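Chemist: Dropping a prediction and its sequence here:
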Amino acid sequence: MFLSSVRSLKPNHNSQLSTHLTPHPVQAASLNYRDLAIVKGFYPFALRTPIVPTSDGAGVVEAVGSGVTRFQKGDKVLTLFNQGHLAGSLDYTTVQTGVGGVIDGALQQYGAFNEQGLVAMPSNLDFLQGSTLVCAGLTAWNGLYGLESRSLKPGDWVLTQGTGGVSMFAVQFAKAAGAKVIATTSSAAKGEKLKSLGADHVINYKEVENWGEEAKKLTPGGRGVQHILEVGGPNTMVRIYVSRLANRSKDDVSLTISHLRRPNPSKPSLSTASSPLSVSSVASRASSSLLSWTAW
Ligand SMILES: NC(=O)c1ccc[n+]([C@@H]2O[C@H](COP(=O)([O-])OP(=O)(O)OC[C@H]3O[C@@H](n4cnc5c(N)ncnc54)[C@H](OP(=O)(O)O)[C@@H]3O)[C@@H](O)[C@H]2O)c1
């Protein structure tokens, strides 16, 4: 999947920046569940076809336009998921600037990006590592820290679900921040991996149907957790609410919802009821009677 020519992505040519993605593109592009959803045809957000897929890329700046000030040739950079989303909440306009959705993505040799659509790659990471930050890493970070008044604190209890990209980042961020982590997974081998990353407790959600109740029992006084990285969708949402796993007494639960699942009309749920197809990203107080959705 190679782009035959470098083309502009923004009308302002002076502020364009050409980047040379690594000569081995797949080694510096990471895949997300979203990329699968696009291919399978149930991605609910803006799409242009044909499109070069994948949102997350790492590369080297090969040339800069005359107005570029943020980067120079040779800089190592990462793509920004929504090129037009520089700050604040996503809106109708910025949500239509997704890389790999509307703007050609990372599985190409060369790409042309506005300088605002790239960020410097952390110098301690290689390209492959860097490319994983863009979607999954940032989602996990936003889940734990995006709601400033409820951001993760040392000693907080965090529940993560499964061993996908978002959750693996969340486990590591939470442990680095001094939090306690309860992680769910469907396999013993992945459970060991979670423990090696620092998870304090691992529950196999295939074996323990009422994993929400079990997780709650693990918390001090059985009070529940302060943060939930909710990525499972309708079934896991229901389990969280049934178990009252969220620690409501402290009124400080941050629930991050990251669903992108094919909707199942026979299973109405919070997520499918909240947008035509799915809710993708929310940071909200679970103690609110009605979650405030911010789908992107
Ligand atoms: N809103 C955003 O900004 C944003 C960004 C990125 C991703 N997302 C969404 O977040 C979700 C996760 O994304 P991802 O890229 O991390 O996905 P992924 O890498 O494809 O994650 C797959 C993992 O999810 C786990 N899983 C599946 N069903 C589960 C269940 N019922 N209970 C617990 N874990 C379950 C499984 O873990 P085990 O194999 O360990 O069981 C599976 O390996 C997707 O729906 C995605 O669309 C949203």
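Modeler: Nice, I can see it.
Chemist: Mind telling me which residue of the stretch 101-250 of the chain is nearest the ligand?
Modeler: Proximity to the ligand, evaluated over the stretch 101-250 of the chain using CB to the nearest ligand atom, is greatest for G164 at 2.0 Å. For every residue, glycine as well, the C-beta is placed using N, CA and C.
Chemist: Buried residues of stretch 232-241, list them for me.
Modeler: Using 16 or more other CB atoms under 10 Å as the test for burial, stretch 232-241 gives G232, G233, P234, T236, M237, R239, I240.
Chemist: Can you narrow these down to the ones near the ligand?
Modeler: Restricting the buried residues of stretch 232-241 to those within reach of the ligand (CB under 6 Å from any ligand atom) leaves G232, T236.
Chemist: Where strands are concerned, which of the buried residues of stretch 232-241 count?
Modeler: Within those, no residue falls in strands by DSSP state E.
Chemist: quick one: which of the buried residues of stretch 232-241 sit in helices?
Modeler: P234, T236, M237, R239, I240 (DSSP state H).
Chemist: what's the closest of these to D200?
Modeler: Closest approach to D200 among these (CB to CB): I240, at 18.7 Å.
Chemist: you'd agree W211 is up against T184?
Modeler: Yes: the pair W211 / T184 is scored as a contact, 5.5 Å apart, by CB atoms under 8 Å.
Chemist: can you list the domains in this structure?
Modeler: 13-131, 138-285 (automatic domain parsing).
Chemist: Can I get these in a markdown table including mean pLDDT?
Modeler: Converted to a markdown table, the domains of the chain look like this (pLDDT from 0 to 100):
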| stretch | mean pLDDT |
| --- | --- |
| domain 13-131 | 85 |
| domain 138-285 | 80 |
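Chemist: now check stretch 97-115, is it near the ligand?
Modeler: No: against the ligand, stretch 97-115 shows no contacts by CB under 6 Å from any ligand atom, the least distance being 10.7 Å.
Chemist: All set now, cheers.
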